[in-house]
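In: next comes the sequence, and after it the predicted model I'd like to discuss.
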Amino acid sequence: DAMVIQNPRYQVTQFGKPVTLSCSQTLNHNVMYWYQQKSSQAPKLLFHYYDKDFNNEADTPDNFQSRRPNTSFCFLDIRSPGLGDAAMYLCATSRKGRDGEQYFGPGTRLTVT
Amino acid sequence: GDSVTQMEGPVTLSEEAFLTINCTYTATGYPSLFWYVQYPGEGLQLLLKATKADDKGSNKGFEATYRKETTSFHLEKGSVQVSDSAVYFCALSSNDYKLSFGAGTTVTVRA
C-alpha cells in the first residue's frame, strides 16, 4: 500500500544534542510537510516543500531545519533541542493541484531529557 | 485569513449514542473541507471530505455536509462505538497546499 512512513516512532535525545527525524513516502506526491503537535492540540505547520522549493513558516524557530534530497524522503533536523521541543512530529504529503487533502504518517514522538 | 472554529471538548458519550461535533469556518473563495481523526499515539487519518457546497462526505458511519450558507461542516454519527474514541479535527484548505485546523475535539465513548 502507498503510504507515508516515519522513523523512528519514538526518539529520545538529550538537551542540546542534535537529532534528525526521517520521513519517506511511496505516494509520489510533490508536496511534503512537517508539523509539530503538542498534547492533543492541532498540528502546527513548521515548513513544507513543493518539489525542491522550501517554504518556511514565519514563526518556525531557526533551530528547526529540513532537507529533501529526493521526492521520496524528507528530514527534520533539530539543531539544539530544548525541553520545549518535546512533541509529536508529523510528516504529511499532498499532490499539488488536488483539493488540499494531506496524507499523514504515524508520527515520531520526541522526548528531550 | 482562514480559520476553523470547532466545538470544544472533551465529549463523553455512551455506546450507541448520537455524536455531533460542530465546525464553522472563515475562508476566502471556496475551500475544501475535511474531518481528520487521530487515535491515541497515531498520526492523523482522513475521515471524510467535501470539496464544494452541498457535498456530503461520509465514511465509517460518519457524515458531514458542506453548508456554504452557514459556513459549517458539522460531523455526525448516529451510533458511536468505543472504537470511535479519538481526537477529531475539522480542517479547511482554500489553496491546495495548506490546511487550517480547528483546535480538535476529544471524544470518549464508554461501554
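Out: Cool, the structure landed.

In: every contact and neighbour count from this point should use C-alpha atoms.
Out: OK.

In: contacting residues around stretch A:58-73?
Out: A:22-26, A:28-30, A:46-47, A:49, A:51-52, A:74-81 (CA atoms under 8 Å, 6 or more residues apart in numbering or on different chains).

In: could you report the neighbour count for residue A:98?
Out: Using other CA atoms under 10 Å in any protein chain shown, residue A:98 has 12 neighbouring residues.

In: re the thing from before, restricted to strands, list the contacts of stretch A:58-73.
Out: A:22, A:23, A:24, A:25, A:46, A:47, A:49, A:74, A:75, A:76, A:77, A:78 (DSSP state E).

In: which non-adjacent residue is nearest residue B:43?
Out: Among residues not flanking residue B:43 along the chain, residue A:106 sits closest, at 4.1 Å (CA to CA, 6 or more residues apart in numbering or on different chains).

In: burial check on residue 97, number of neighbours?
Out: Looking at chain A here, since you left the chain open. Neighbours of residue A:97 using other CA under 10 Å come to 9.

In: can you look at chain B instead?
Out: Residues within reach of residue B:97, counting by other CA under 10 Å, total 21.

In: close enough to count as contact, it and residue A:96?
Out: Yes. Between residue B:97 and residue A:96 there is a contact at 6.2 Å, judged by CA atoms under 8 Å.

In: tell me, what's touching the two both at once?
Out: residue A:31.
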